[in-house]
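J.: next input, structure requested:
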Amino acid sequence: MTEPLPLTGVRVADLSRVLAGPYATMLLADMGAEVIKVEQPGRGDDTRAWGPPWAGGEAAYYLSVNRNKRSLAVDLKDPDGLAAVQELCAGADVVIQNFRPGVIDRLGLGHAAVSVRNPAVVYCSVSGFGPEHEPATRPGFDIVVQAESGLMGATGPVEGPASKVGVAITDVLTGLNAAVGILGALFRARTTGRGEEITVSLVNSSLSGLVNLTQQALVTGVEPERIGNAHTTIVPYQAFPTADADIVIAAGNDALYRRLCEALDRPDLARDPRYATNPERVTHREELVGEITATLTTRPADHWMGLLVEAGVPVGRVRGVLDALRTAQARGDDVLRTVEHPTAGLLEQVRAGFRLENTPPPLTAPPLLGQHSREILTELGLSADRIDAMVERGTVEQTAS
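T.: This is a model prediction of the structure:
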């Protein structure tokens, strides 16, 4: 029998936009939460304009992080529109927002105001640099935080410039941290009735996400060297060329290293005392990498992939994104789901990284701007005449689905 989803009955007022907040609320929605996405009429979430590419007039970027939500398009500068959102927050279990510092409080939607009416609310604020960072109004997009947090400095070729990661990874880490904080606070709120204010920032998420590199820097007092596609403290653990394509080998311990040598038919590398332990291999990195490369470039990638997988050595082909998706799906990973979108038609979506065994997650299409405005306002107790008046003067946008 299918169990109820873990967050069934939890209402989330999502006042966030772009990536970190919407990613967090999508994860909550995937676990059954009812997420109401509050957007500006006529414009909506910034990512609605972040194209091409488009699908049915909707930006692929927006579509990636907004499934399983309803959209309320309402002008917060209008007293009636603001009152409606204040009412929404008063009845929500979770409120999440990423307005510029000070703006949310002036609207009467900050934690202090919301918690007066809703003491059990779990209130999450997302920002680039955190509430204590100076200057307080400093904006923080992902690429700026990748630079400021050291992530960019640690990424890229050894002899080349610092590079950003290929996606807005600090936003993704922040979304994950926000979701974890919200879930912990919800657990306590459900047992004690006491809410919580959570602050999550891109810079703190990035610094925390650098894990071993930050600890290495603190222990040594020295900036970690940029090492490209290799690893600072494990060898061999990097990308290697073959006769026709690049592969990645990750021999993370001495036993895996010996299996690698056997699969490559290089017993001499296993016997060589310079490579007997990982610390020795790190010391003699350049010589060992050269030997392994010389062997790998004699045969194509498929040849080595077959041998190394059979030997139990962690190995992977360097793939493009579409190739990676199709390969994972073909091998049974079930990463893709298809939903009927009102303008894009059949739309493939990538599932979250977790799986709930007994409760398949819901799947509704990312909403059109204002697709659910009337029904949400009706649920909040507004009369049809009042909603009509708000729509007529542009305070509310209702899009036909």
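J.: for residue 2, give me the pLDDT.
T.: If you check residue 2, the pLDDT there is 68.
J.: same question, residue 321
T.: On the pLDDT scale, residue 321 gets 95.
J.: residues near it, how many?
T.: 9 (other CB atoms under 10 Å). The way it works is simple: take the backbone N, C-alpha and C, and place the C-beta from them, glycine included.
J.: now swap in residue 208 and tell me
T.: 13.
J.: quick check, it in a strand?
T.: No: membership of residue 208 in a strand is not supported by DSSP: H, G, I helix; E, B strand; the rest coil, which gives helix.
J.: that one and residue 98, how far apart?
T.: Look at residue 208 and residue 98: by CB to CB, to the nearest Å, they are 18 Å apart.
J.: and residue 281, by the same measure?
T.: Counting by CB to CB, the gap from residue 281 to residue 98 is 44 Å.
J.: what does residue 131 give?
T.: From residue 131 across to residue 98, the span is 12 Å (CB to CB).
J.: cool, and residue 351?
T.: In terms of CB to CB, residue 351 sits 25 Å off from residue 98.
J.: more neighbours, these two?
T.: Legend: neighbour count by other CB under 10 Å for residue 351 and residue 98, higher for residue 98 (23 against 16).
J.: can you give me every residue that contacts the more buried one?
T.: With contact taken as CB atoms under 8 Å, 6 or more residues apart in numbering, residue 98 is in contact with 15, 16, 17, 18, 20, 21, 125, 126, 127.
J.: the last one and residue 43, how far apart?
T.: The one in question is residue 127. 21 Å.
J.: please apply the same query to the third one.
T.: Note on residue 17: its distance to residue 43, by CB to CB, is 10 Å.
J.: which one of those two has more residues nearby?
T.: residue 17 (23 against 13).
J.: which ones are touching residue 247?
T.: 239, 240, 296, 301, 304, 305, 315, 316, 317, 318.
J.: the closest residue to residue 19 other than its chain neighbours: how many residues sit nearby?
T.: Leaving aside its chain neighbours, residue 19 sits nearest to residue 171 (3.9 Å; criterion: CB to CB, 6 or more residues apart in numbering). Neighbourhood size, residue 171 [other CB under 10 Å]: 26.
J.: which pLDDT value goes with residue 171?
T.: 97.
J.: secondary structure element for it?
T.: When elements are assigned from DSSP states H and E, residue 171 belongs to helix 169-192.
J.: do you know how far the residue at minimal distance from the centre of the chain is from residue 214?
T.: Note on the chain: the residue nearest the mean C-alpha position is residue 172, at 2.6 Å, using CA atoms, centre = their mean. The gap separating residue 172 from residue 214 is 18 Å, by CB to CB.
J.: what residues are up against the nearest residue to residue 206 once chain neighbours are set aside?
T.: Leaving aside its sequence neighbours, residue 206 sits nearest to residue 149 (CB to CB, 6+ apart; 3.7 Å). Residue 149 makes contact with 170, 202, 203, 206, 207, 210 under the criterion CB under 8 Å, 6+ apart.
J.: surely the second one is in contact with residue 171?
T.: If I follow you right, that is residue 202. Yes: contact criterion CB atoms under 8 Å: residue 202 and residue 171 qualify, at 6.5 Å.
J.: got any residues that touch both of the two?
T.: 20, 142.
J.: quick one, strands of the stretch 101-250 of the chain?
T.: 122-127, 196-201, 237-241, 246-250 (DSSP state E, counting those that start in this stretch).
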